[in-house]
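Colleague: take a look and give me a structure for this.
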Amino acid sequence: WYHQYVKGANWITSDLYPVNSGQGNDLGVIGQEVTQLRRLAGNKPVFVFIESGAFAAGNPVITPDQFRGEVWEAIIHGARGIFYFPVRVTPHFSYDVTPPAVAAEMTRQDATITKLAGVLQGTINPSSLGASAPSPLQVAWRSSAGHSYFFVLNLSPRAVSHQAIRLRGIGSAAPAT
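Modeller: Numbers count the residues shown, from 1 in each chain. Model (predicted):
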């Protein structure tokens with residue numbers, strides 16, 4: 001039914017909550033969702049809901065690291081906006097069950113996203129640049145005001161090291177932060 005939905009909508013969204021639904025560390029479903037919606041939406045912007053608490057009492061609760069991973073997974077795959085889902089629906093409704101540590105992480109990520117908003121709203125993965133990285137790393141890029149931006153996410157629950165990230169279109173540039 002999404003094929004019909006996107007015809008009449010100005011922007012497209014759906015919601016998945018991998019931690020709450022017991023998929024745990026399979027945060028890649030957020031990126032899969034955004035990628036599929038972008039295919040269906042054409043030039044219409046795609047937004048995503050990110051879980052910030054348990055929507056049902058007893059469900060697993062997202063950690064700050066998982067929260068940050070879901071946010072950047074959505075951005076890397078081209079989400080143009082993010083909503084947070086802090087609501088518990090059952091057994092008793094509550095407007096916001098976001099744990100304090102997740103709320104603090106939300107504040108940090110919101111500040112970073114706001115600082116980079118002009119960059120993030122630019123062309124998604126412009127053809128003048130490129131990047132590749134081995135799994136479990138994911139990478140996206142943007143260009144703004146003569147600068148190149150590369151976003152790399154480790155989608156696994158453990159640290160990785162000694163990973164080669166290959167960049168294209170950067171000329172002789174050497175430093176990166």
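Colleague: show me the shaky parts of this protein.
Modeller: Judged by pLDDT under 70, the chain has its weakly predicted residues at 24-25, 174-175, 177.
Colleague: all helices of it, in order?
Modeller: Using DSSP state H, the helices of the chain run over residues 2-8, 28-41, 64-76, 100-115, 117-120.
Colleague: okay, the spatially most central residue of the chain and residue 146: tell me how far apart.
Modeller: In the chain, the C-alpha nearest the mean C-alpha coordinate belongs to residue 74, at 2.1 Å (CA atoms, centre = their mean). Distance, residue 74 to residue 146, using CB to CB, to the nearest Å: 27 Å. C-beta here means a position set from N, CA and C on the backbone, and glycine is covered the same way.
Colleague: with residue 99 instead?
Modeller: Distance from residue 99 to residue 146, by CB to CB: 41 Å.
Colleague: between these two, which is the more surrounded one?
Modeller: residue 99 (17 against 5; other CB atoms under 10 Å).
Colleague: test my guess that that one contacts residue 51.
Modeller: No - at 11.4 Å, residue 99 does not count as touching residue 51 under the criterion of CB atoms under 8 Å.
Colleague: what sits against the nearest residue to residue 131 once chain neighbours are set aside?
Modeller: Leaving aside its chain neighbours, residue 131 sits nearest to residue 139 (4.3 Å; criterion: CB to CB, 6 or more residues apart in numbering). By CB atoms under 8 Å, 6 or more residues apart in numbering, the contact list for residue 139 reads 76, 131-133, 150-153, 165.
Colleague: buried subset of those residues, written for ChimeraX?
Modeller: The buried subset of these, as determined by 16 or more other CB atoms under 10 Å, is captured in ChimeraX by this line:
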select :76,131,133,150,151,153
